[in-house]
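S.K.: how would this look folded up:
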Amino acid sequence: MTILVTGATGLVGARLLPRLVEAGVDCRALMRGGKEAPAGVAAAKGDLSDPASLAEAVEGVSAIIHLAAVFRTHDTDLIWKSNLEGTRNLIAAARAHAPQARFIMASTTNIYNANSPRPGREDDAADPQQAYPASKLAAEKELRDSGLNWSIQRFGFVYGDQDGHLEAVPKYAVSAKWHPAQRMSMIHHRDIATAMQLALTGAMDGRVVNIVDEAPTSIYELVELVGETLDGSSEPLTNPWHLHVDGTLARTLGFQPIVRTVHQAVHEKLM
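M.R.: Below you'll find the model as predicted:
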């Protein structure tokens, strides 16, 4: 099995690829010109914005793990171009040159509506207002309508392996005016690898699946875990299910997180 991974040097890809290599997976990374692939990974020169460059990258692969995305920018045009148009280009290349490949796309649980009456479920209607989740939801639709053998993983808040993401929560909490009691569904990098390896077996084919751990954790607790403080509040939550998603489907498909809670990650020094 040879798989192509996009976003190989990003937050998720840089931590997923070594785990796939360690598991014995033959990996190929889509890399822009002048960049080197990680150790043990073959480089496939190409760019998601250049459709012609993708033909050779997908040739002969049995699976594609599409992680590449843009989200840390106020440039909404770039977000849409990268996340939607880039995905369209990759889908077209797969249809033309690797139509039998399993296409696994990373997405986000941020697509769920803030006023959801329950933890977000995969079949809930969603109308995200921000460019990043809206572009990912649009890209999901492109893949679902592609005719390829697809699966989509919607990640909770990704953390661990010294990625610095959790340490940014205090800043996010202040800027987004999150209630300190708001609970957020999360996933450790180790269990993104767990989920991806399961998806490579076909267990998630034709499914959109939330990938989250077992204990949504309050913003107040998360801020304290990274050594900072946040003002408390006894005011009721306006939207108690915002940022909280349902991981039941993943469990029925065989996904069991190794890092079950962020507290376990702290205890085992996996941060």
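
S.K.: residue boundaries of the strands in this protein?
M.R.: 2-6, 26-31, 42-45, 63-66, 102-108, 149-155, 157-159, 183-184, 186-188, 208-211, 217-218 (DSSP state E).

S.K.: Return the most buried member of these.
M.R.: When these are scored by mean count of other C-beta atoms under 10 Å, the highest mean neighbour count falls to strand 186-188 (a mean of 28). For glycine as for every other residue, the C-beta is placed from the backbone atoms N, C-alpha and C.

S.K.: Can you pull the phi/psi pair for the residue located most distally from the centre of the chain?
M.R.: In the chain, the residue that sits farthest from the middle, by C-alpha atoms, centre = their mean, is Ser234; the gap is 32.6 Å. Main-chain torsions, Ser234, degrees, to the nearest 10: phi -110, psi 10.

S.K.: Tell me who's in contact with it.
M.R.: Counting by C-beta atoms under 8 Å, 6 or more residues apart in numbering, Ser234 makes contact with nothing.

S.K.: Looking at it now. What's its pLDDT?
M.R.: Looking at Ser234, its pLDDT reads 94.

S.K.: same deal with Arg118?
M.R.: On pLDDT, Arg118 comes in at 95.

S.K.: and the residue nearest to Met105 when sequence neighbours are not counted, what are its bridge partners?
M.R.: Spatial nearest neighbour of Met105, chain neighbours left out: His66 (4.5 Å); criterion: C-beta to C-beta, 6 or more residues apart in numbering. Counting by DSSP bridges, His66 is bridged to Thr6, Met105.

S.K.: hang on, His66 packs against Arg102?
M.R.: No - His66 lies out of contact with Arg102 (C-beta atoms under 8 Å); the separation is 11.1 Å.

S.K.: Nearest residue to Ile152 in space, please, no chain neighbours.
M.R.: Ile152's closest residue in space is Val208 (C-beta to C-beta, 6+ apart), at 4.5 Å.

S.K.: for Arg102, same thing?
M.R.: Using C-beta to C-beta, 6+ apart and skipping the chain neighbours, the partner closest in space to Arg102 is Ala63 (4.2 Å).

S.K.: wait, isn't that neighbour in contact with Val5?
M.R.: No - the criterion here is C-beta under 8 Å, and Ala63 misses it with Val5 at 9.3 Å.

S.K.: For Ala193, give me its contacts.
M.R.: In this structure, Ala193 makes contact with 15-16, 19-20, 23, judged by C-beta under 8 Å, 6+ apart.

S.K.: quick one, helices of the stretch 101-250 of the chain?
M.R.: Ranges of helices in the stretch 101-250 of the chain, per DSSP state H, counting those that start in this stretch, are 131-144, 169-176, 189-200, 219-225, 248-252.

S.K.: So which of the ones you listed has the densest surroundings on average?
M.R.: By mean neighbour count, with neighbours taken as mean count of other C-beta under 10 Å, helix 189-200 ranks first of the helices of the stretch 101-250 of the chain at a mean of 22.

S.K.: roughly how far out does that one sit from the chain middle?
M.R.: 11 Å (C-alpha atoms, centre = their mean, to the nearest Å).

S.K.: Send over it as PDB, restricted to the C-alpha atoms.
M.R.: Extracted in PDB, the C-alpha atoms of helix 189-200 (Å, rounded to 0.1, in the frame of the first residue of the first chain):
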ATOM      1  CA  HIS A 189      -2.400  13.600  17.700                       C
ATOM      2  CA  ARG A 190      -1.800   9.900  18.700                       C
ATOM      3  CA  ASP A 191      -5.500   9.200  18.100                       C
ATOM      4  CA  ILE A 192      -5.600  11.000  14.800                       C
ATOM      5  CA  ALA A 193      -3.100   8.300  13.800                       C
ATOM      6  CA  THR A 194      -5.300   5.700  15.400                       C
ATOM      7  CA  ALA A 195      -8.300   6.900  13.400                       C
ATOM      8  CA  MET A 196      -6.400   7.300  10.100                       C
ATOM      9  CA  GLN A 197      -5.000   3.700  10.300                       C
ATOM     10  CA  LEU A 198      -8.500   2.500  10.900                       C
ATOM     11  CA  ALA A 199      -9.800   4.400   7.900                       C
ATOM     12  CA  LEU A 200      -7.100   2.900   5.700                       C
END
